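Novice: I'll drop the sequence and a predicted model, then ask my questions.
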Amino acid sequence: MDNFVYDVTTKVYFGRGEEEKVGKLIAGYGAKKVLVHYGSGSVKKSGLLDKVKASLEAEKIPYVELGGVVANPELPLVRKGIALCLEEGVDFVLAVGGGSVLDSAKDIANGAANPDIDVWDFSMGKAQPAKTLHKGAILTLAAAGSEMSNSCVITNPETGRKAGYNSSMNRMDFAIENPELTFTVSPYQTACGAVDIAMHTMERYFCLGEDTYLTDAVAEAVMKTTLKAGIDSYRNPTDYTARANMMWASSLAHNGLTQCGRSFQLTVHQFEHEVSGMYPQIAHGAGLAALWCSWARYVYKETLPRFIKWARNVWNIDVDPEHPEVSVLKAIELQERYYKELNMPTSLHELDVRKEDLEKLALNCSRDKTRILNGYKKLGYEEMLDIFNLAY
């Protein structure tokens, strides 16, 4: 087991009606003015935004609003949010929505607290935020895990680049998680969320690392829980038990718990960031579903014992010791069938990715052939292109 630091500072308020206390929670941070940040308007239609504003008004906390966050949150809106915070004297950012809204809010809070640094430099690895504004979240979609993670992923539409960065400054001060707020999430977005949640832990599970059987057991529980809760939520959107388990799995899958003692690199996420960066209409979860099984078939021989463990403990396959590869390939096939049950794509052409763009995707992912993704099998430009082609 490798050395690690586990530091999750986000306080979670979980359950029915917890969003009603948001004003009191923010008052506890001494906030003078709040930026309420949200997406395309579903929070308005549901009445949640009005409830949030009423809670702030009850505590006599002034606020300004900024909506318009899209899937794969974009840099121009982040810049607009930073300018608004500086102009209005905002000292607390409240995200009301899913992972895209939360990531946008994180970047705004970091940019406003470090106005002398171009916020895009954080995404490009040229700088790290030294401080941040206080921030909290009311989660309306179980998927990205951004409510407890230290990551932030932003798209620059001018360059077509989608990039993430990790920092302790990205941790939310608090996250409110009421599963009932996800009842109206569409079947498609529910399915995308189920893919993303499981993938955050699956990717960690297949990173380099040995002798992490406690971490592995937690990871396997998160994966199995998401398999069940995801399909149950997809089939019955108002199943509170399913939605609750899926929402909590989202937080645990991406807060670092399932990587303790192991290396950290979300390889397939790197592939998908290039795909949805070039094709911003592609939902992140759908892109992951289209890629993961092809990646798994390409690399499994390099870490056969790990895949055997996954096949046995997650998919309950009685692995044939004489022909373990057959069992592993069966498990990958079961994962693929699961995606199809959720009406998720299992190939890039289903997402209308152009075949002629695959080389560009591999070039971008390899940073023009200068980057190698480390793992049980090292992936450079040629290997990346092989996987993109296999996924097509």
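Specialist: Now that the structure is in, tell me what you want to look at.
Novice: The most far-flung residue of the chain relative to its centre and residue 145, how far apart?
Specialist: Largest separation from the mean C-alpha position in the chain: residue 322, at 38.0 Å (Cα atoms, centre = their mean). When distance is defined by Cβ to Cβ, to the nearest Å, residue 322 is 39 Å away from residue 145. The C-beta positions use only the backbone N, C-alpha and C, and glycine is treated the same way.
Novice: would you say residue 152 is within a helix?
Specialist: No - under DSSP: H, G, I helix; E, B strand; the rest coil, residue 152 sits outside any helix and is assigned strand.
Novice: So what's the residue count around it?
Specialist: Residues lying near residue 152 (other Cβ atoms under 10 Å) number 26.
Novice: again, but for residue 3
Specialist: 5.
Novice: start at 84 instead
Specialist: Okay, residue one is now 84; in that scheme the one you just asked about reads as residue 86.
Novice: hey, where'd the helices end up in the stretch 334-475 of the chain?
Specialist: For the stretch 334-475 of the chain, the helices defined by DSSP state H, counting those that start in this stretch cover 350-361, 367-382, 387-396, 407-424, 441-448, 464-474.
Novice: need the contact list for residue 358.
Specialist: Residues near residue 358 by Cβ atoms under 8 Å, 6 or more residues apart in numbering: 365, 370, 373, 374, 431, 434, 436, 444.
Novice: that older thread, if you compare the helices of the stretch 334-475 of the chain, which one is most tucked away?
Specialist: Among those, helix 367-382 has the highest mean neighbour count (mean count of other Cβ atoms under 10 Å), at a mean of 24.
Novice: Let's see it as CSV, backbone CA atoms only.
Specialist: Provided in CSV are the C-alpha atoms of helix 367-382 (Å, rounded to 0.1, in the frame of the first residue of the first chain):
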residue,chain,number,x,y,z
HIS,A,367,-19.6,13.0,-20.2
GLY,A,368,-21.1,9.7,-18.9
ALA,A,369,-22.1,8.7,-22.5
GLY,A,370,-18.6,9.3,-23.7
LEU,A,371,-17.2,7.2,-20.9
ALA,A,372,-19.6,4.3,-21.7
ALA,A,373,-18.5,4.5,-25.3
LEU,A,374,-14.8,4.1,-24.4
TRP,A,375,-14.3,2.0,-21.3
CYS,A,376,-14.9,-1.5,-22.6
SER,A,377,-12.6,-0.9,-25.5
TRP,A,378,-9.9,0.3,-23.1
ALA,A,379,-10.5,-2.7,-20.9
ARG,A,380,-10.1,-5.2,-23.8
TYR,A,381,-6.9,-3.4,-24.9
VAL,A,382,-5.1,-3.5,-21.5
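Novice: could you check the angle helix 387-396 makes with it?
Specialist: 130 degrees (axes from the mean of the first three to the mean of the last three Cα atoms, to 10 degrees).
Novice: quick one: helix 367-382 to helix 350-361, angle?
Specialist: Inter-element angle recorded for helix 367-382 and helix 350-361: 130 degrees (by the same axes, to 10 degrees).
Novice: for helix 367-382, packing partners?
Specialist: Counting by 3 or more Cβ pairs under 8 Å, 6 or more residues apart in numbering; DSSP states H and E, the packing neighbours recorded for helix 367-382 are helix 270-288, helix 350-361, helix 407-424, helix 464-474.
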